[in-house]
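S.K.: predicted model and sequence follow; I will ask about them next.
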Amino acid sequence: MTEPTPPTPDNAARPQDFVRKIVAEDLASNKWNGAVVTRFPPEPNGYLHIGHAKSICLNFGIAAENNGRCHLRFDDTNPTKEEMEYVESIQEDVRWLGWDWGTDKFFASDYFQQLYDYAVQLIRDGKAFVCDLTAEEIRQRRGTLTEPGTESPFRNRSAEESLDLFARMRAGEFDEGTHTLRARIDMTSPNLNMRDPVIYRILKATHHRTGDAWCIYPMYDFAHPISDSIEGITHSICTLEFEDHRPLYDWVLRELGIHHSQQIEFARLNLTNTVMSKRKLLMLVRDGHVSGWDDPRMPTISGIRRRGYTPESMRDFCSRIGVAKSDSVVDFAMLEHCVREDLNRRSPRMMGVLRPLRVVITNYPEGQTEMCEAVNNPEDPADGTRQVPFGRELFIEQDDFREVPPPKYFRLTPGREVRLRYGYFITCNEVVKDADGNVVEVRCTYDPATRGGDSPDGRKVKATIHWVSAAHAVDAEVRLYDHLFAAEFPDNVPEGGDFTDNLNPASLEVLTGCKLEPALGEVKPGGIPVQFERLGYFHLDPIDSAPGKPVFNRTATLKDAWQRAQKKA
RNA sequence: UGGCGUGUGGCGCAAUUGGCAGCGCAUCUGACUCUGAAUCAGAGGGUUCUAGGUUCAAAUCCUAGCACGCCAGCCA
């Protein structure tokens, strides 16, 4: 429907972040002969979220800005956690964000043989050894944050013996947990990662790509630097928690004497009213707090896509939040601002009534219908106009009528005249109630001279409200979303509780029997959200909608000064 | 009482490397308005973590503290 606009290096106007500065300096000093090669290395063990989007835009963005490449590499060294379903969704999400890895799609598992050969080299050089300690024994000897560890009794066995043992590990002779390959570094290092870290373990699990070809798998700290090296990565950008791993990253590459990319760490994204760890997101899915990874309340890429966020707004968001090394929490309002800005510019405007109240125009001829011309997008005249049917019976928003109006309430109330957008001025003169005293219908008169929405005598009305012709309305389900978590910082919870205690019970409100103008019944899936005038942006749900039975997800509300004033009062 | 890292308006980031602390978001006014939207104009908000020191001049350099984050998986 709408062509996605390709990502542009839109950071030019913004101050450069520290990573881009390093890249620029390296280019200036010709450190890598003009090459800029980055990579986005997800583990296919879950769906991508907005935090990943930050990393994706950083890595692909830097490559694009510098005429370089960004590799998509699946870090699949743990067969017990990874699945093909995730590699598919990850690719879809990166593509949706607008990035293209071209032919540079890789899997760490493609390097298993090379990795194995490098491990052998390390053993030969006396830099690694096979250790017979159990996990528990290794843990006990690791020492603590303040005390050094103690060396493994197998640390000094001969390279020949380790080589033999390693080959037998690979051949499947040993059970899981009985042997590991460890780097021989320094058990007294203040950096625990350097205390003879395990670099290979036995895992008799079927790998989603290599099947049963291997029963030993390299650890992240070994596989990652080498994968970067093999691919000729120049800048290996990762998050802060890997800072402590950099010495090990450098050690592996230095000892092997191979291409040595530079690891650079930045702070991961945090968002208010949101959790952003795969573990917690998985929990929300598994425990049924949401309908799935793509629930529109989820901060996953697939969730926000289904919610109606656009790739353009996501990229804009990522460039606005910046890249730095201090832990921080971005205000959710920043994200909303970005979607609103994009959607305001591009979304078609239409009318939909969420909570209908029947209006009968008593002086309008029964059975008559006419068409009113409505502007599709005032922000973009090229979008043209459309015809909206008008009749004697209409629906307006319940909120747009008050029998006893609060102060400064501009909308419909007995005796007051308001404008029906693109329609007529109407004046309310009668209220119909049910047995319980609820207003079920308002009866109005219209001024035929105000057709189109302007009065020839120049009289003004304070409010313009939206409406839908009852005879032509399309029925729809509309889902209103709010923050998944009521608390700004969901993890802040008293002893004994957990983040799910902060789930917002009102994060989803499902409205049925909503009344939409006919054009909204024709919206095709795959486009951008539509603005329901005065309400917000709504996105046709690609999964639950059926022909003639649209379901709309509210992407974001419009800013509402009235509501804000009400809340204050 | 280990190592690594980070502290700049409410929030996220800048500050040409020592030269009057700026931008975005948020907030609040006002204007305009056939969306209480958008737009436009404006406002408030800072002990640059603290204390010393160097200097004509410090967010930036030095010293000593403090706070916060991460690290003791055969996860990544």
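M.R.: Looks like it came in fine.
S.K.: tell me how far A:Ser162 lies from RNA strand B.
M.R.: 15 Å (C-beta to the nearest atom of the strand, to the nearest Å). C-beta here means a position set from N, CA and C on the backbone, and glycine is covered the same way.
S.K.: how many residues are close by that residue?
M.R.: Applying the criterion other C-beta atoms under 10 Å, we find 23 residues in the vicinity of A:Ser162.
S.K.: next one: A:Thr38
M.R.: Based on other C-beta under 10 Å, the number of other residues close to A:Thr38 is 28.
S.K.: what's near enough to touch A:Asp383?
M.R.: By C-beta atoms under 8 Å, 6 or more residues apart in numbering, the contact list for A:Asp383 reads A:Pro348, A:Val375, A:Asn376, A:Asn377.
S.K.: turn those residues into JSON lines, columns for distance to A:Ala435.
M.R.: Output for the contacts of A:Asp383, formatted as JSON lines (distance: C-beta to C-beta, whole Å):
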{"residue": "A:Pro348", "distance to A:Ala435": "41"}
{"residue": "A:Val375", "distance to A:Ala435": "42"}
{"residue": "A:Asn376", "distance to A:Ala435": "43"}
{"residue": "A:Asn377", "distance to A:Ala435": "44"}
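S.K.: among these, which are in reach of RNA strand B?
M.R.: Counting by C-beta under 7 Å from any atom of the strand, A:Asn377 from the contacts of A:Asp383 sit close to RNA strand B.
S.K.: any idea which of the contacts of A:Asp383 is closest to RNA strand B?
M.R.: Ranking the contacts of A:Asp383 by separation from RNA strand B, with C-beta to the nearest atom of the strand as the measure, puts A:Asn377 on top at 6.8 Å.
S.K.: nearest spatial neighbour of A:Arg355, skipping sequence neighbours?
M.R.: In space, and not counting its chain neighbours, A:Arg355 is closest to A:Gln398: 4.4 Å by C-beta to C-beta, 6 or more residues apart in numbering.
S.K.: quick check: the farthest pair among the contacts of A:Asp383?
M.R.: A:Pro348 and A:Val375 (9.8 Å; C-beta to C-beta).
S.K.: those two - which one has more neighbours?
M.R.: Just comparing A:Pro348 and A:Val375: by other C-beta under 10 Å the higher neighbour count belongs to A:Pro348, 19 against 16.
S.K.: could I get the contacting residues of the more buried one?
M.R.: Taking C-beta under 8 Å, 6+ apart as the criterion, A:Pro348 is in contact with A:Asn376, A:Asn377, A:Asp383, A:Val530, A:Gln531.
S.K.: pull the number of nearby residues for the residue in chain A that RNA strand B sits nearest to.
M.R.: When scored by C-beta to the nearest atom of the strand, chain A has A:Gly453 as its residue closest to RNA strand B, at 1.9 Å. Around A:Gly453 there are 17 other residues, counting by other C-beta under 10 Å.
S.K.: phi first, then psi, for it.
M.R.: With angles defined as degrees, to the nearest 10, A:Gly453 sits at phi 110, psi 10.
S.K.: right, and it touches A:Arg419 too?
M.R.: Yes. Look at A:Gly453 against A:Arg419 with C-beta atoms under 8 Å: they come within range, at 5.4 Å.
S.K.: what residues do the two have in common as contacts?
M.R.: Common neighbours of A:Gly453 and A:Arg419 (criterion: C-beta under 8 Å, 6+ apart): A:Phe425, A:Thr464.
S.K.: in strands only, show me the contacts of A:Asp383.
M.R.: Among these, the ones falling in strands (DSSP state E) are A:Val375.
S.K.: A:Ile258: what's its closest spatial neighbour, skipping adjacent residues?
M.R.: A:Ser229 (4.7 Å).
S.K.: residues contacting the one you found?
M.R.: When contacts are counted by C-beta under 8 Å, 6+ apart, A:Ser229 is found next to A:Leu253, A:Leu256, A:Ile258, A:His259, A:His260, A:Ser261.
S.K.: can I get the residues you listed in TSV including secondary structure?
M.R.: Conversion of the contacts of A:Ser229 to TSV gives the following (DSSP: H, G, I helix; E, B strand; the rest coil):
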residue	secondary structure
A:Leu253	helix
A:Leu256	helix
A:Ile258	coil
A:His259	coil
A:His260	coil
A:Ser261	coil
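S.K.: quick check: the farthest pair among the residues you listed?
M.R.: Checked with C-beta to C-beta, the contacts of A:Ser229 reach their widest spread between A:Leu256 and A:Ser261, with 12.7 Å between them.
S.K.: which one of these two has more residues nearby?
M.R.: Of the pair A:Leu256 and A:Ser261, A:Ser261 is the one with more neighbours under other C-beta under 10 Å, namely 22 against 18.
S.K.: residue contacts, that one?
M.R.: A:Ser261 is in contact with A:Val37, A:Pro225, A:Asp228, A:Ser229, A:Gly232, A:Ile233, A:Thr234, A:His235, A:Ser236, A:Leu253, counting by C-beta under 8 Å, 6+ apart.
S.K.: ok, now with 6 Å
M.R.: With C-beta atoms under 6 Å, 6 or more residues apart in numbering as the criterion, the residues that contact A:Ser261 are A:Asp228, A:Ile233, A:Thr234, A:Ser236.
S.K.: who wins on neighbours among these?
M.R.: Comparing these on neighbour count, A:Ile233 comes out first with 29 neighbours (neighbours: other C-beta under 10 Å).
S.K.: cross-check the contact I'm expecting between that residue and A:Val37.
M.R.: Yes. Distance between A:Ile233 and A:Val37: 5.1 Å, which falls inside the contact criterion (C-beta atoms under 6 Å).
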